[in-house]
Every structure is written in structure tokens, then in C-alpha cells.
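S.K.: below is the sequence, then the predicted model.
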Amino acid sequence: MGTMLFGLMLFTLGWTLIDGSEMEQDFMWHVRKIPRLVSERTFHLTSPAFEADAKMVLNRVCGIECQKDLPAPSLSDLEDSLSYETVFENGSRTLTRVKVQGWVPEPTQNLSSQGAPVRTKRQVYGTDSRFSILDKKFLTNFPFNTAVKLSTGCSGILISPNHVLTAAHCVHDGTDYIKGSKKLRVGLLKMRNKGGGKKRRGSRRNRREVSGAGREGSQDSLKETAKAGRRRKGSARGQRAADGRPSFQWTRVKNTHIPKGWARGKSGDPALDYDYALLELKRPHKKKYMELGVSPTIKKLPGGMIHFSGFDQDRADQLVYRFCSVSDESNDLLYQYCDAESGSTGSGVYLRLKEPDKKRWKRKIIAIYSGHQWVDVHGVQKDYNVAVRITPLKYAQICLWMHGDDASCTHG
């Protein structure tokens, strides 16, 4: 009965209640033509130092209010910001310059009528509305199975059999790559049996014991010591599974892509608009992943709500799901009230909309959770939970990173 009630709760949260007037609105994914991002030239750079400290909160960034006072970026500015660095597993690094073709400037998004209040430095507002996903049936199935954990302490989301989308600050502080990112690993959810893993092969073990009965006692002692160590290790893993906490299958990262709009080096501060990165895994996975989508406006969000799951550090490796309303938006950012703690940054923010000419609804990623950031509001620093929207140009860039050319990235 508990599982049934839990499933009903998640089903209700995932769909978001919509009244009759909202049903008449256009809550649908629309296939649109995407600008072309063409790789122009690639340069070899010196290897990074990998000495930066991880920063989950930036000291000063230009947010929605600050962006209103800035001129619209020119085409050359966009091409410079969308050029990107690639860091490979062996520590080498390149910079690829890009050209944008077929780009049509979008009108500036209006802020929602609801003003965001001044807040104290908290990431959980009022009653904690997060849900820990403990049931194995939900944890290992879509959409929750798409959430991953990074060895640097962030979260991410699977967007192909080979790729993970996350926040750029999880691997780079704007000047240098952070410590630990040289040997970056991605943890995929994997529930273990309460016994602690693989079943023991008793019959084969017994045959080995019989055949080796005449060996020296010292060899038997070594075997017993090794077995005892494995039992202790298995017991710890089994306890994690019994507590409802997942285990992780860790995979090395083959290469990392970061837009130059974030990786400014010493030439300037990183732009919050470009706080996203793509990780290519060394080995493909077989899990179901979530597709990319272009972020719609607030009016196109059912109930004005967004959803995401990540590994908040205050929940001891539990996967935490939340949904909340969006308060403000610009062309590149979303402000929202989702309760979240450190560790959830880099999570994929998604929606569930109807597919064109079909009766089914589909989830797609429309933003990357950047975290709890201090932003400049008319010269005053205020704190907000911020997500970076996937715009048509960012969709084209991420698609280029995934496929290596723009031929597969014409529509999204």
C-alpha cells in the first residue's frame, strides 16, 4: 500500500494539476529550426593546472536585473562566448572557434509580474518540500535513473548513451579547472541486493576448498584473511542498500566541453548564462536518458512549474526530487523557488509537455540548475536559486558537442 501511495504522489507531482482554462493553452513541444553552429578552427592550448577550489556559490554574477541594463550581445560577442574549450583525459586542452549561421535575435523576455522578494542566505525556503526517492522501482527507472553524481560533488543528467550535462562550475571556476576534475568520474545509479552484491558461487568454492585442502596452512590463512575483508566490504555495501541509499557505478570521463563564455581565464569574470558543461563518458551506458529541449517561456510551463532531481549533500547520497514555480525569467536565466542544497547543482531541469500530433506527453531538459547564486540587482547583492536556460543557440552548441558536426542539429 505504501508503494502505491508513493507512486500516486509522484504521478500527481509529475503531471502538475491543470485547470480547464489552462488546458486550452499550448502546452506542447514545438519543433523549431535551430541556428547552425559551425566549428571554424581548433587551437592547442597549454594543459590546465587543475588547481582551482570548487565553488558552489559565485561571489558576483550579472543576473536578470543586471542584464536588463546591458546592450544586446552582437553576433561576434555570441560567437566568442559560444567558442569552447575541450579538456581530454590525458590532460591536454584545445580551444575551438565557432561561427553562428541563421541566428535570429529573440525579443527580450519580460519579467513575471510577481516580484522576487529579498531573501536571506538559505537554499531551503520555509517548509522543506524535497522528496527523497527511496523506492528501488522508482530510483532505477525513468526519469529518476537519468540523474548522476559527479566525483567533484555535483549532480548531472544523462542526455545520451555517452554524455552527461552538468554545470560548468562543477569542473571549472572560470579561471582554471578545479581539483579532481583531471580524473573526473560520473556515478550512475545502481541498487545492490541486501546481501551486498554478487551471489556467492558455493559449489565452485567448495570444489576449490577440497582441491586445495593439502596446501600449506599459510596459504589457507591468506585466503581466510581475503575472504574476511570481502565480507566486511560486502556488509557495508549491503547496509547502504538496506538503508535505501543507492550505490554508484563509476565511469571515467573521456573529455569535457565548456563554453568560453564561462571559461574566461584571466580575461574576465565567468558569465552565469554559460554555466553548463558536457561530459563524454569513456564507456557508454545502457540506461534510458532524457532528451534536450529548447526552454519555453513561463507562460508555456504547465502550472508555471519545473522539476529536477539531484544528490543534495544533506541527504547522505539519497536522490532528491523537487518541483516548484518559476518566479522570473530572462532570455538565458530562470529564477525559481526550488528547495535545494549543495550537491544538487548541475541537475537537469525538465518539463513534461505534449508531443505534436501525438497523444503522449514527453519529458525534456530545458535548463541546468546552477545553484544558489549571489546576483547583482541594481548594485545590491541578492541571493537566488538560478537555472541556465537551454536557448536555441545553446541547444545547437550542446548538439554540436554530442555529434561532432551540425548536420544532426538543424531542428530541436
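M.R.: Cool, got the structure. Numbers count the residues shown, from 1 in each chain.
S.K.: buried sites along the longest strand anywhere in the chain?
M.R.: When the chain is parsed with DSSP state E, its longest strand is strand 361-377. Buried residues in strand 361-377, counted by 16 or more other C-beta atoms under 10 Å: 361, 363-376. Yep, even glycine has a C-beta here, placed from its N, CA and C like the rest.
S.K.: likewise stretch 397-412?
M.R.: So for stretch 397-412, counting by 16+ other C-beta under 10 Å, buried means 397-402, 406, 409, 412.
S.K.: what do you get for stretch 39-50?
M.R.: Neighbour-count burial for stretch 39-50 [16+ other C-beta under 10 Å]: 48, 50.
S.K.: now it, how far from the centre of its chain.
M.R.: Centroid displacement of stretch 39-50 relative to its chain, using C-alpha atoms, centre = their mean, to the nearest Å, is 24 Å.
S.K.: and the contacts of that stretch?
M.R.: For stretch 39-50, the surrounding residues in contact (C-beta atoms under 8 Å, 6 or more residues apart in numbering) are 85, 87, 91-99, 176-182, 400, 405.
S.K.: distance between the ends of that stretch?
M.R.: 26 Å (C-alpha to C-alpha, to the nearest Å).
S.K.: give the contact list for the most centrally placed residue in the chain.
M.R.: The residue lying closest to the centre of the chain (C-alpha atoms, centre = their mean) is Gly156, at 2.5 Å. Applying C-beta under 8 Å, 6+ apart, we find Gly156 in contact with 147-150, 164-166, 170, 186, 279, 346-348.
S.K.: try it again at 6 Å.
M.R.: 148, 150, 164, 166, 346 (C-beta atoms under 6 Å, 6 or more residues apart in numbering).
S.K.: one more: Asn255?
M.R.: 86, 88, 280.
S.K.: and for Gly304?
M.R.: Gly304 neighbours (C-beta under 6 Å, 6+ apart): 298, 325-326.
S.K.: again, but for Leu319
M.R.: Leu319 neighbours (C-beta under 6 Å, 6+ apart): 133, 147, 309.
S.K.: 8 Å instead?
M.R.: Contacts of Leu319 (C-beta under 8 Å, 6+ apart): 132-133, 139, 144, 147, 189, 246, 309-311.
S.K.: make TSV from the residues you listed and add distance to Ser47 to it.
M.R.: Converted to TSV, the contacts of Leu319 look like this (distance: C-beta to C-beta, whole Å):
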residue	distance to Ser47
Ser132	40
Ile133	39
Leu139	38
Phe144	37
Ala147	31
Leu189	33
Pro246	34
Ser309	34
Gly310	30
Phe311	30
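S.K.: by pLDDT, give me the weakest of the residues you listed.
M.R.: When the contacts of Leu319 are sorted by pLDDT, the bottom entry is Pro246 at 70.
S.K.: wouldn't that one be in contact with Lys149 here?
M.R.: No. Taking C-beta atoms under 8 Å as the definition, Pro246 is not a contact partner of Lys149, at 9.0 Å.
S.K.: picking that back up, who wins on neighbours among the contacts of Gly156?
M.R.: Within the contacts of Gly156, most neighbours by other C-beta atoms under 10 Å means Gly346, with 35 neighbours.
S.K.: a strand runs through that one, doesn't it?
M.R.: No. Under DSSP: H, G, I helix; E, B strand; the rest coil, Gly346 sits outside any strand and is assigned coil.
S.K.: residue contacts, Val87?
M.R.: Val87 neighbours (C-beta under 8 Å, 6+ apart): 48, 93, 177, 181, 255-256, 258.
S.K.: to clarify, my last question referred to Asp173.
M.R.: 52-55, 270.
S.K.: what about it, distance to Glu51?
M.R.: 10 Å (C-beta to C-beta, to the nearest Å).
S.K.: element containing Lys137?
M.R.: helix 136-139 (DSSP states H and E).
S.K.: hang on, Lys286 packs against Pro161?
M.R.: Yes. Between Lys286 and Pro161 there is a contact under C-beta under 8 Å: 7.3 Å.
S.K.: more crowded one of those two?
M.R.: Pro161 (13 against 6).
S.K.: ok, that one - contacts?
M.R.: Counting by C-beta under 8 Å, 6+ apart, Pro161 has contacts 284-286, 289.
S.K.: can you tell me which of the contacts of stretch 39-50 are buried?
M.R.: 85, 87, 93, 96-98, 176-178, 181-182, 400.
S.K.: any idea whether Val164 is helix, strand or coil?
M.R.: Classified using three-state DSSP, Val164 is strand.
S.K.: for it, list each beta-bridge partner.
M.R.: Leu158, Leu279 (DSSP bridges).
S.K.: of the contacts of Asp173 - the most surrounded one?
M.R.: When neighbours are counted by other C-beta under 10 Å, Pro270 leads the contacts of Asp173 with 23 neighbours.
S.K.: verify the stated contact: it with Ile258.
M.R.: No. Using C-beta under 8 Å, Pro270 is not in contact with Ile258, being 9.7 Å away.
S.K.: got any residues that touch both of the two?
M.R.: Joint contacts of Pro270 and Ile258 (C-beta under 8 Å, 6+ apart) are Ala168.
S.K.: just to revisit the earlier point, what's the closest of the contacts of Asp173 to Trp29?
M.R.: Of all the contacts of Asp173, Pro270 has the smallest distance to Trp29: 30.7 Å, by C-beta to C-beta.
S.K.: how near is the closest one to Gly303?
M.R.: Applying C-beta to C-beta to Pro270 and Gly303 gives a distance of 33 Å.
S.K.: what's the helix or strand hosting Arg352 packed up against?
M.R.: Assigned by DSSP H and E, Arg352 belongs to strand 348-354. In terms of contacts (3 or more C-beta pairs under 8 Å, 6 or more residues apart in numbering; DSSP states H and E), strand 348-354 is packed against strand 305-310, strand 361-377.
S.K.: what's the angle from the helix or strand following the first one to strand 361-377?
M.R.: Tracing the chain C-terminally past strand 305-310 and defining elements by DSSP H and E, one meets strand 319-329 next. Our comparison of strand 319-329 with strand 361-377, counting by axes from the mean of the first three to the mean of the last three C-alpha atoms, to 10 degrees, yields an angle of 60 degrees.
S.K.: identify the residues contacting the following helix or strand past strand 319-329?
M.R.: Next helix or strand after strand 319-329 toward the C-terminus (DSSP H and E): strand 333-336. For strand 333-336, the external contacting residues (C-beta under 8 Å, 6+ apart) are 63-64, 67, 116, 272-273, 295, 306, 324-329, 349, 367, 384-389.
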